[in-house]
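Visitor: From the sequence below, what's the structure:
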Amino acid sequence: MKRIATFIIVIMGLFGLASAQGDYEALTFSQFDYWGTARFMGAGGAFGATGGDFSALSTNPASIGLFKRYETTFTPMQLNFGYTDTWYNGDKSSAQKFKYVVPQAGIVMARDINRDNGWKKWQFGFGYNRITDFNQTFRANTQINSTIGDAMAEHANGTYFGNLSGDASLAWYGFLIDTLPGDQSHYRGFYSGYDIDQSALVVRSGAIDEMQLSIGGNYSDKLYIGATLAFPFLNFRENTTYKESPAEADDIANINSYTLYSSQRNSGTGVNLKIGVIYQPADFVRLGVAFHTPTYYWRIRDYFSRELVTKFTRPLDNGASQLDYNYENSNTFTLTTPLKFNVDASFLIAKRAFIAAEYEFQNYGMATLYADNYDYIAENEAVKTKYGISHNLRVGAEVNITQGFALRAGYRLRTSPYKLSDSPYNNTAHFITAGLGFRGKVMFFDLAYVLRMCKDSYWLYDTYGTPCNYAAKSHNVVATVGCKF
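Guide: Next up is the predicted model:
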């Protein structure tokens, strides 16, 4: 009982997601993919200089200046069907996940300015956009000559077994490591050198939804300005089930298998300011620029829980066939994400079509973690070392086949945030989009399809051993209804 009680007190995180806040969260909570209306999504999100769409207020708030009338939009449907192929130690596994979300709702009010000074209208907008979607599931299965006990033994080496704490204590009281013969301060995994069956299931959910207050103006149909005060709401959850069992020598240490259940939840609210300008030097072209301040998240709540279940081949002396340990921890921290800068261009064709492009710059190495009770020096240094500049490109087009029917297509690219990765599994994301729209004098309806593709790597525990490489794809169908008045 003393061994078990000590274990519960000192259990800490070895595994990548078990550690408290670190560079993983700094990157994950700083990446924005910008979802929204079906028109915005169908044309690749390239509306920064084109304007006239509510979701563009998330990229270039000056786009609000293009609104001539009151307009409401509601996107009641985004169907997300995702599937992920994972390669771990040469073995392939697959997983699927379906999700229904409501990614957008908003209203823009446009009012005339009765002054003879060039200013024609002012606009005010309110609503929300989904800017990041975390929903994803993937599996990993393999047989490998490696065990999590090897990583735990490395953490324990050099410490007398009676003084073990944290990661090493987890291994000791979970019966995953033992001391070397005649040496009470160096260790080995019980299954070190044997083939081990490993499996993992990772389920992510949640999103960042941004509430927006926007204001803008139109000067002589040449200059459009705007500002958006945004409040992103963060909700993230990741559940991981990791299991190992011996493929041979199953009588060693009397262990049949052990399973680690980990759950991480984060929630919080932030604030940022976006300002933008669009200039129309000629009837056929608009040029835009926008600046986004860093997002400041105060008091992000972090909750972590873990359950370790060790099953034995034969019952223990007390008759138990398994041991079950539980641990949970909660904390709060502050995150400041990197600033952003983007430039936009849109070419208008005979008032029936447009072709647009946007470029966005962001340096993820500028993300910073902070808390009153912890200095985060090592974690912030890891952010600067691992992450660097990411480039975002959005291109899109729309053509009105008839006065009330339009077709759209687009492409988006988010390059890798990693500084020193030459692997194709480096978090680069591609979006291929298409859409159509029906517009009447008052009501309109838009539909879009988005294929999102991303490749990345994931360590099942700490950064020890072989990472999983996965290729994630999601098919998204987005529908928006709206009216002008």
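Visitor: what pLDDT does K311 get?
Guide: K311 is assigned 88 on the pLDDT scale.
Visitor: What is the neighbour count of it?
Guide: Residues near K311, counting by other C-beta atoms under 10 Å, number 16. (Each C-beta comes from the backbone N, C-alpha and C, glycine too.)
Visitor: my read: it touches S257, true?
Guide: Yes: K311 lies in contact with S257 (C-beta atoms under 8 Å); the separation is 5.1 Å.
Visitor: Now list whatever residues contact both of the two.
Guide: The overlap between the contact sets of K311 and S257 (C-beta atoms under 8 Å, 6 or more residues apart in numbering) is empty.
Visitor: Might one say that M453 is in contact with H475?
Guide: No: using C-beta under 8 Å as the test, M453 is too far from H475 to be in contact (10.4 Å).
Visitor: partners of the helix or strand hosting M211, with directions?
Guide: Element membership of M211 [criterion: DSSP states H and E] is strand 196-219. Here strand 196-219 is paired, per DSSP bridges, with strand 119-133 (antiparallel), strand 136-144 (antiparallel), strand 223-246 (antiparallel).
Visitor: hey, least reliable of those strands by pLDDT?
Guide: Taking the mean pLDDT of the strands paired with strand 196-219, strand 136-144 comes last: a mean of 91.
Visitor: Give me the contact list for that one.
Guide: With contacts defined as C-beta under 8 Å, 6+ apart, strand 136-144 is touched by 82, 84, 86, 88-91, 93-97, 195-204, 247, 458, 460, 465-466, 468, 470, 472, 474.
Visitor: any idea which helix or strand comes after the lowest-mean-pLDDT helix or strand in the chain?
Guide: When the helices and strands of the chain are compared on mean pLDDT, DSSP states H and E, helix 2-10 comes out lowest with a mean of 32. Downstream of helix 2-10, the next assigned helix or strand under DSSP H and E is helix 23-28.
Visitor: list the helices and strands that next one packs on?
Guide: strand 368-370, helix 377-386 (3 or more C-beta pairs under 8 Å, 6 or more residues apart in numbering; DSSP states H and E).
Visitor: out of those, deepest packed?
Guide: strand 368-370 (a mean of 19; mean count of other C-beta atoms under 10 Å).
Visitor: Adding mean neighbour count and distance to T402, write the strands paired with strand 196-219 out as CSV.
Guide: Below are these laid out as CSV (neighbours: other C-beta atoms under 10 Å; distance: least, C-beta to C-beta, whole Å):
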stretch, mean neighbour count, distance to T402
strand 119-133, 20, 28
strand 136-144, 20, 39
strand 223-246, 20, 28
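Visitor: Which one of those strands lies nearest to R39?
Guide: Nearest to R39 among the strands paired with strand 196-219 is strand 119-133; the distance by C-beta to C-beta comes to 12.8 Å.
Visitor: for the closest one, the distance to its chain's centre please.
Guide: 23 Å (C-alpha atoms, centre = their mean, to the nearest Å).
Visitor: Thought L339 was touching P294, still the case?
Guide: Yes: here P294 lies in contact with L339, judged by C-beta under 8 Å, at a distance of 5.0 Å.
Visitor: which of the two has more neighbours?
Guide: Between P294 and L339, P294 has the larger neighbour count (other C-beta under 10 Å), namely 19 against 15.
Visitor: ok now stretch 322-342, how far from the chain's centre?
Guide: 13 Å.
Visitor: Quick check: F231 touching E210?
Guide: Yes: the pair F231 and E210 passes the contact test of C-beta under 8 Å, sitting 6.9 Å apart.
Visitor: Tell me what the closest residue to T75 other than its chain neighbours is bridged to.
Guide: Excluding its sequence neighbours, the residue lying closest to T75 (C-beta to C-beta, 6 or more residues apart in numbering) is Q104, at 4.0 Å. Beta-bridge partners for Q104, by DSSP bridges, are T75, N129.
Visitor: partner strands of the helix or strand hosting F291, parallel or antiparallel?
Guide: Here F291 sits within strand 285-292, counting by DSSP H and E. Strand 285-292 has its sheet partners listed here by DSSP bridges as strand 255-282 (antiparallel), strand 340-349 (antiparallel).
Visitor: Tell me, what's the model's pLDDT at the closest residue to A247 other than its chain neighbours?
Guide: Distance criterion C-beta to C-beta, 6+ apart; nearest residue to A247, sequence neighbours excluded, is D195 at 4.1 Å. Per-residue confidence (pLDDT) for D195: 85.
Visitor: Can you get me a residue count around D195?
Guide: Counted with other C-beta under 10 Å, D195 comes out at 14.
Visitor: Could you do N392 as well?
Guide: N392: 22 neighbours (other C-beta under 10 Å).
Visitor: Could you find the closest non-adjacent residue to it?
Guide: Distance criterion C-beta to C-beta, 6+ apart; nearest residue to N392, sequence neighbours excluded, is E360 at 3.8 Å.
Visitor: Okay, buried residues for the strand or helix carrying that neighbour please.
Guide: Per DSSP H and E, E360 falls inside strand 353-363. By 16 or more other C-beta atoms under 10 Å, the buried positions in strand 353-363 come out as 353-358, 360, 362-363.
Visitor: I'd like these laid out as a markdown table, including pLDDT and distance to W298.
Guide: Below are the buried residues of strand 353-363 laid out as a markdown table (pLDDT from 0 to 100; distance: C-beta to C-beta, whole Å):
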| residue | pLDDT | distance to W298 |
| --- | --- | --- |
| A353 | 95 | 44 |
| F354 | 96 | 39 |
| I355 | 97 | 41 |
| A356 | 97 | 35 |
| A357 | 97 | 35 |
| E358 | 97 | 30 |
| E360 | 96 | 25 |
| Q362 | 95 | 21 |
| N363 | 95 | 22 |
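Visitor: Turn the residues you listed into CSV, including distance to Q143.
Guide: Formatted as CSV, the buried residues of strand 353-363 follow (distance: C-beta to C-beta, whole Å):
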residue, distance to Q143
A353, 56
F354, 55
I355, 52
A356, 51
A357, 48
E358, 47
E360, 43
Q362, 40
N363, 41
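Visitor: follow-up on the earlier one: list the buried residues for the strand holding F291?
Guide: By 16+ other C-beta under 10 Å, the buried positions in strand 285-292 come out as 286, 288-290, 292.
Visitor: Next SSE downstream of that strand?
Guide: strand 296-312.
Visitor: Now do the very next helix or strand once past that following strand: which elements does it pack against?
Guide: The first helix or strand that comes after strand 296-312 along the chain, using DSSP H and E, is strand 322-336. Contact here means 3+ C-beta pairs under 8 Å, 6+ apart; on that basis strand 322-336 packs against helix 2-10, strand 296-312, strand 368-370.
Visitor: ChimeraX command to pick out the buried ones of the contacts of strand 136-144?
Guide: ChimeraX command restricting these to the buried ones, with burial defined by 16+ other C-beta under 10 Å:
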select :82,84,86,88,89,93,95,97,196,198,199,200,201,202,203,204,458,460,465,466,468,470,472,474
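Visitor: which one of the strands paired with strand 285-292 lies closest to P76?
Guide: Closest to P76 of the strands paired with strand 285-292, according to C-beta to C-beta: strand 255-282, at 24.2 Å.
Visitor: any idea of the mean pLDDT for the closest one?
Guide: Strand 255-282 shows a mean pLDDT of 93.
Visitor: before we move on, what about stretch 25-37?
Guide: Stretch 25-37 carries an average pLDDT of 93.
Visitor: Now it - C-alpha only, PDB.
Guide: C-alpha atoms of stretch 25-37 as PDB (Å, rounded to 0.1, in the frame of the first residue of the first chain):
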ATOM      1  CA  GLU A  25       0.300  23.700 -27.100                       C
ATOM      2  CA  ALA A  26       2.100  26.900 -28.300                       C
ATOM      3  CA  LEU A  27       2.000  25.700 -31.900                       C
ATOM      4  CA  THR A  28      -1.400  23.900 -31.800                       C
ATOM      5  CA  PHE A  29      -3.300  27.000 -30.400                       C
ATOM      6  CA  SER A  30      -1.500  29.400 -32.700                       C
ATOM      7  CA  GLN A  31      -2.400  27.800 -36.000                       C
ATOM      8  CA  PHE A  32      -5.500  29.300 -37.800                       C
ATOM      9  CA  ASP A  33      -7.100  27.600 -40.800                       C
ATOM     10  CA  TYR A  34     -10.000  30.100 -41.300                       C
ATOM     11  CA  TRP A  35     -13.400  28.400 -41.800                       C
ATOM     12  CA  GLY A  36     -16.600  30.300 -42.400                       C
ATOM     13  CA  THR A  37     -19.200  31.000 -45.000                       C
END
